[in-house]
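> With the sequence up front, the predicted model follows.
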Amino acid sequence: MIWGVGPSFDKSAHRHLDNIFRDFFGKLHIPPKETVFQYFYHEKEMRFRPWDQVLADFETRIVAPYDQLYVPTIDSVSYTKILSHLTGIDKKTFFTGTTGVGKSIII
């Protein structure tokens, strides 16, 4: 539910939504450091982990024009993982978000 609703709002609404989701899902023990959108549930470990732990190290190798560079971010990594999971279980998906998070490249 968090990732089904939250990403369609801009970052300024995330803190408000964070409070709502934490109240609603209080028993899940979501880490308090960031908003709920900075975490994903790791099923094998049965706990929430930060998306930034999934980010691969990025090496600056400029071999493409600027407008074709792709730099992995928490948003692009989380969107990629969620899309991969949903398409893997044959679920229809609608992606929305701010400009520049990589939706076109991911899809």
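Arrived safely. Residues are numbered from 1 along each chain as shown.
> Going by residue numbers, what spans are strands in this protein?
Ranges of strands within the chain are 39-42, 47-50, based on DSSP state E.
> Which helix or strand in this structure has the lowest average pLDDT?
Sorting the helices and strands of the chain by mean pLDDT, DSSP states H and E puts helix 2-5 at the bottom, at a mean of 68.
> which one of the strands of the chain lies closest to Asp10?
strand 39-42 (18.9 Å; CB to CB). C-betas here are computed from N, CA, C, even on glycine.
> and that closest one, how far from the chain's centre?
10 Å (CA atoms, centre = their mean, to the nearest Å).
> Each with direction, which strands does that strand pair with?
Sheet partners assigned to strand 39-42 using DSSP bridges are listed as strand 47-50 (antiparallel).
> Quick one: low-confidence residue ranges for this structure.
Confidence mapping of the chain against pLDDT under 70 gives the ranges 1-8, 56-62, 66-67, 97-98, 100-101.
> mind listing the helices for it?
Secondary structure of the chain (DSSP state H): helices at 2-5, 11-24, 74-88, 103-106.
> Contacts for the last one next, please.
Among residues not part of helix 103-106, those counted as contacts by CB atoms under 8 Å, 6 or more residues apart in numbering are 70, 76, 79-80, 83, 95-97.
> Quick check, central residue of the chain?
Ser78 (3.0 Å; CA atoms, centre = their mean).
> Can you tell me how far that one is from Ser104?
16 Å (CB to CB, to the nearest Å).
> do the same with Val77
Val77 is 16 Å from Ser104, where distance means CB to CB.
> If you count surrounding residues, which of those two has more?
Regarding Val77 and Ser104, a neighbour count based on other CB atoms under 10 Å identifies Val77 as having more, with 19 against 7.
> what residues are up against the more buried one?
Contact partners of Val77, counting by CB under 8 Å, 6+ apart, are 51, 54-55.
> I'd like the distance between the residue of the chain most remote from its centre and Phe48.
Relative to the C-alpha centroid of the chain, counting by CA atoms, centre = their mean, Val63 is the outermost residue, at 27.1 Å. For Val63, the distance to Phe48 equals 36 Å [CB to CB].
> Could you do Arg15 as well?
Arg15 is 17 Å from Phe48, by CB to CB.
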